[in-house]
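Novice: Sequence plus the predicted model coming up.
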Amino acid sequence: MSTTINAAWHLASRPAGLPTAANFAWRETTLPELADGQVQVRNIWLSVDPTNRIWMNDADSYLPKLELGEVMRGIGIGRVEASRDAALQPGDIVQGMLGWQRYCVGPAKALTRLPPIPLPLSAHFGLLGHIGLTAYFGLTDVAGAKAGETLVVSAAAGAVGSLAVQIGKNLGMRVVAIAGGAEKCRWLRDELGADAVIDYKVEDVAAGLQRTCPEGVDVDFENVGGRTLDAVLGNLKLGARIALCGLISQYNATAPEPGPSNLAHLLMQRGRMQGFIVLDYLDRAQEAAEKLIAWHLAGRMKYRLDISDGLASAPAALGKLFTGANTGKVLVKVGEE
Ligand code: NDP
C-alpha cells in the first residue's frame, strides 16, 4: 500500500467576480495504488492561466466545466515516479492536466513526454507549450501576419502578449503594445522592441491608437476584449484581421457586457475577426517550437517568468492575472526538478 501523501486544491465554490482563496479547499489524501495504464507523477511546475477562471464557471467551455469538489484543473509539468504503462518510464518528464496538486495519478495516455530542449524546463511554459503556440499560430495562421504591417497586441506584457510582440517584430511588423503601467510599457519598448506603447491606465486606448497608428491597424492580437477591442475595431485598416485570442476583461463579469459599438468598422473595412483555441494547434507544436527556440537562442526572443513558490500560493497566483500584478508567465513551483 502506498503511503505517499498528496495535497491538492479542490474547487470549493464558484467565484462571483474575481476568484479568491475562498473558492478553493486544501485537502490532503493518501495516493491510491496504480491501476494498469496509470502513472504516478510528482508535479514540478504548474501553469496558472486566465482560462483557469473560465473552468471554474458553472458552464462548459472548450472543455467540460469542473464539478464542485474536483481537484482544480491545471496544466503542469512533472516527473514520472511510477508507471504501469509501457509508454512512460520512471524519470520521464511529462506535461498534461496534472492539476493543482503535488502528485497526479492518472492514465499515461493523457500525458505527453516532453522532448529535451536546450533551455530550462520552465521554458516549456514561458516560451513554448500552450503559451508559445498561442502567440505563434495566432499571429501566423489565424491573423496571417505579414512583414510591414502594423500589429497591435493587448495585455502585451503578459505571457502570450509578450511573445506575440516579439514574434511580430521577428516577422518584420511594426508593433504597438498595450499594457497597464509605466514599467510594463518600458519593458515592452526598451527590452522587447515594441515600436510604440499605450499605457491604458493613463491614456485612452482609442486616443492612443490614433496617436500610434495614424494609418490604422492591420492585425490585432486581442487578449483583452471589452473597451480595448472596441477601440481597435474603430481604427482598422482595409482588410484588417483580428486574432481573437482572449477576453480577459470579461472573465470576471457578473453580468453580460454590452457588445462592441464599433462593429460597423469591421464591416466597412472588410475586416475579419476569428477566435481560436490553442488545442487545435497541438499537432503543429514542433513547427512553432523550432522557430521560437531558434529566435530565443539568437537573442531575438525573450521570455519572463513570474514564479510563486509552493502549491499553497496557487490561488494568489491566479489572482495576479486579473489585477495585472504579473509581468510574463505566471507559474507555481510545486516541487524540485
Ligand atoms: P497574461 O500573462 O497576459 O496575464 C493577464 C494580463 O491581462 C494581466 O497581466 C493584465 O495586464 C491583463 N488584464 C487583466 N485584466 C485586465 C482588464 N480588465 N483590462 C485590461 N487588461 C487586463 O495571461 P496569458 O498570457 O496567459 O493570457 C492572455 C490572454 O490570452 C488571455 O485572455 C487568455 O485567456 C488568452 N489565451 C488564449 C488561448 C487560446 O487558446 N485562445 C491560450 C492561452 C491564453 P495589464 O497589467 O497590462 O492590465
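Specialist: Right, received. Where do you want to start? Note that the structure is a prediction, hence the values are computed from the model and not measured. Numbering: from 1, shown residues only.
Novice: near the ligand, which residues of this structure?
Specialist: 49-51, 130, 134, 155, 157-161, 179-181, 184, 223-224, 245-249, 276-278, 321-322, 324, 326 (Cβ under 6 Å from any ligand atom). Glycine gets a C-beta too; all of them are placed from N, C-alpha and C.
Novice: List buried residues within those.
Specialist: Those of the residues of the chain next to the ligand that meet the buried threshold are 49-51, 130, 134, 155, 157-161, 179-180, 184, 223-224, 245-249, 276, 278, 321-322, 324, 326, by 16 or more other Cβ atoms under 10 Å.
Novice: from those, which ones fall inside helices?
Specialist: Among these, the members found in helices (DSSP state H) are 50-51, 130, 134, 159-161, 184, 321-322.
Novice: Now tabulate the residues you listed in TSV and tack on distance to H296 and pLDDT.
Specialist: Shown next, in TSV, are these (distance: Cβ to Cβ, whole Å; pLDDT from 0 to 100):
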residue	distance to H296	pLDDT
P50	24	98
T51	24	98
H130	17	98
T134	16	98
A159	15	98
V160	16	99
G161	17	99
K184	21	98
L321	23	98
F322	28	98
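Novice: Across the sheet, point out what pairs with the residue in the stretch 51-200 of the chain positioned nearest to the ligand.
Specialist: Closest approach between the stretch 51-200 of the chain and the ligand, counting by Cβ to the nearest ligand atom: G158, at 1.7 Å. G158 forms beta bridges with G328, as assigned by DSSP bridges.
Novice: My guess is it contacts N223. True?
Specialist: Yes: counting by Cβ atoms under 8 Å, G158 touches N223, with 6.9 Å between them.
Novice: which of the residues in stretch 96-111 are buried?
Specialist: Buried positions in stretch 96-111, judged by neighbour count with 16+ other Cβ under 10 Å: 96, 98-106, 108, 111.
Novice: ok, now stretch 119-139?
Specialist: Quick answer for stretch 119-139 (16+ other Cβ under 10 Å): 119, 121-139.
Novice: and what of stretch 282-296?
Specialist: For stretch 282-296, the neighbour count (16+ other Cβ under 10 Å) marks 285, 288-289, 291-293, 295-296 as buried.
Novice: closest to I5 among those residues?
Specialist: Checking these against I5 with Cβ to Cβ, the nearest one is A285 at 34.1 Å.
Novice: which stretch of helix or strand covers that closest one?
Specialist: With elements taken from DSSP states H and E, the one containing A285 is helix 285-297.
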